[in-house]
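>>> fold the following, please.
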Amino acid sequence: MSGGPQNGAWRKASGQERLEFAFLWVIVKGLGLLPRPIARQMGVWIGRLAFRLVQKLRKVGLRNLELAYPERDSEWRSGTLVGLYRSLGLLMAEFCLMSGYTREQASEFIEYDGLEHFLAARDRGKGVLVLTGHLGAWELSSFYHSLMGYPMGLVIRRLDNPLVDAFVNRIRCLHGNRVIHKDDFARGLIAAMRNGETMGILMDTNMTPPQGVFVPFFGREACTASGLAKVAMKTDAAVLPGFLLWDEARRKYRLCFGEPMTLIRTENADADVLANTAAFTATIERYVRQHPEQWLWLHRRWKTRPAGEAGVY
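All right, here's what the predicted structure looks like:
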């Protein structure tokens, strides 16, 4: 398969892993051959089908929306979840197409909003930590930034299927991006900041202690990765929010960079880690509230509970 795994990796893979990879390869290559409007419409249809068929994820999504928006009715929550599946379908189409994008093509439907914030942070020379999450077109976000001449590192979790992991990472890194897996997180991130590099960190997933600390997210304690706060405080790297959001009115994506965040520093390091992690999470929440139909409600964000508290799922 063109663009497929190396022979050694293929031989080591199980039959199920090969089948999963082959299915993904057909989807990516098939949608990638279509004109962008048709591929995106196909993505929307696939998203609608997934909403109807995958009941377990739909149930998690509705429960998350109930936890986050107790004041909204079931019709609004269901409509928001339908919007999410549409967003995911569009993201899938963009991922299948993006390896063929040029700067000129991508700039027709993606524009920067706040690039000056990123450039100023980068020019400090102490590294940039982009605070982001599973909001909007997160896969296209770092890809477009690298395509425009600003490659960055990505802190990600290894996918369970090594063939799929290698295939996806090859596309992510076509224009100079590099991947740091979460098991190499601390050492790789500190080294990158000392070299003045940019790293993107998805900080909106459920964690477990001691890697995670409990901070409010939509008014409910959520176990959240504290590594970003620790690295920022140790290296004095700039921390700024960055999200690629679909703007329906303009029919374009906007790659939004906010202003660098001010770190909380006192004589109590542990309290500072907690306070900064809470501030970062509140920033993510603010963006999610502006675009609730574009956040990944299918993840069990509140799975880990404080000691003695009952589960919510």
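
>>> what's the mean pLDDT across the longest strand along the chain?
Scanning the chain for the longest strand, with DSSP state E as the assignment, gives strand 238-247. Mean per-residue pLDDT for strand 238-247: 98.

>>> next SSE after that strand?
Downstream of strand 238-247, the next assigned helix or strand under DSSP states H and E is strand 252-257.

>>> how about the strands in the stretch 151-300 of the chain?
Under the criterion DSSP state E, counting those that start in this stretch, strands of the stretch 151-300 of the chain are mapped to 153-156, 178-181, 198-202, 212-217, 220-225, 238-247, 252-257.

>>> dump those into TSV; add mean neighbour count as well.
Bear in mind the C-beta positions are built from the backbone N, C-alpha and C, glycine included. TSV is the format used below for the strands of the stretch 151-300 of the chain (neighbours: other CB atoms under 10 Å):
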stretch	mean neighbour count
strand 153-156	22
strand 178-181	17
strand 198-202	23
strand 212-217	19
strand 220-225	21
strand 238-247	23
strand 252-257	20
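
>>> sorry, back to before: now the longest strand of the chain - C-alpha only, CSV.
Extracted in CSV, the C-alpha atoms of strand 238-247 (Å, rounded to 0.1, in the frame of the first residue of the first chain):
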residue,chain,number,x,y,z
ALA,A,238,4.8,31.1,27.1
VAL,A,239,1.4,29.5,27.5
LEU,A,240,-1.3,30.6,25.0
PRO,A,241,-4.6,29.0,23.9
GLY,A,242,-4.9,27.9,20.3
PHE,A,243,-7.9,26.4,18.6
LEU,A,244,-9.0,25.8,15.0
LEU,A,245,-12.7,26.7,15.0
TRP,A,246,-15.3,26.4,12.2
ASP,A,247,-17.0,29.8,11.5
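
>>> okay, angle between that strand and strand 252-257 too, please.
Orientation check (axes from the mean of the first three to the mean of the last three CA atoms, to 10 degrees): strand 238-247 against strand 252-257 gives 170 degrees.

>>> residues near residue 58, how many?
Close neighbours of residue 58, defined as other CB atoms under 10 Å, add up to 19.

>>> so what's it up against?
Applying CB atoms under 8 Å, 6 or more residues apart in numbering to residue 58 gives the contacts 51, 81.

>>> which strand or helix spans it?
helix 55-68.

>>> what mean pLDDT does that helix get?
On average, helix 55-68 scores 97.

>>> next one: residue 123 from residue 70, what distance?
44 Å (CB to CB, to the nearest Å).

>>> hmm, I typed the wrong one, I wanted residue 252.
33 Å.
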